[in-house]
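Below is the sequence, then the predicted model.
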Amino acid sequence: MLAHTEKSILLAGDCDTSPAVAKLLLDHTPFWSARFQDEINLYRSFTASPPPIRTPRLIAADVRRHVLL
């Protein structure tokens, strides 16, 4: 476990042979759900238009379950 707050949990592990971080949103209020969707959209935009610095790659996201990897 990397971090645990009242809003989310961050876990470290491996996906296939690469290191990965999973985020689970615990607070499902509209405000935090919208911020979570914004975070997912940002990672997706990095895939379409990579920034000039290294950024994490979105492996998977489940908006309904509030999980991203």
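Great, that's in hand.

quick one: secondary structure of the residue in the chain sticking out farthest from the centre?
Most distant residue from the mean C-alpha position of the chain: residue 52, 20.2 Å away (CA atoms, centre = their mean). For residue 52, the reduced secondary structure class is coil; criterion used: DSSP: H, G, I helix; E, B strand; the rest coil.

Would you mind giving both backbone torsions of it?
The main-chain torsion angles of residue 52 are listed as degrees, to the nearest 10 and equal phi -80, psi 0.

mind starting the numbering at 890 from now?
With the count now opening at 890, the last piece we talked about shows up as residue 941.

Now do the same for it: its pLDDT.
According to the predicted model, the pLDDT of residue 941 comes to 93.

Walking through the protein, point out its helices one by one.
Counting by DSSP state H, residue ranges of the helices within the chain are 919-937.

what stretches of it score poorly on pLDDT?
Regions of the chain meeting the criterion pLDDT under 70 are absent.

what's the distance between residue 918 and residue 891?
Relative to residue 891, residue 918 is positioned 23 Å away (CB to CB, to the nearest Å). Any C-beta I mention is one placed from the backbone N, CA and C, and that applies to glycine too.

For residue 940, grab the count of nearby residues.
Other residues lying near residue 940 total 8 when counted by other CB atoms under 10 Å.

Now it. Its backbone dihedrals?
Taking degrees, to the nearest 10, you get phi -70, psi 170 for the backbone angles of residue 940.

what's near enough to touch it?
Not one residue lies near residue 940 by CB atoms under 8 Å, 6 or more residues apart in numbering.

So it versus residue 932, what's the distance?
Distance check for residue 940 against residue 932: by CB to CB, it reads 11 Å.

Same question for residue 909.
With CB to CB as the criterion, residue 909 and residue 932 are 13 Å apart.

what residues do those two have in common as contacts?
With contacts taken as CB under 8 Å, 6+ apart, residue 909 and residue 932 have no neighbour in common.

which ones are touching residue 909?
With contacts taken as CB under 8 Å, 6+ apart, residue 909 has the following neighbours: 901-903, 948, 958.
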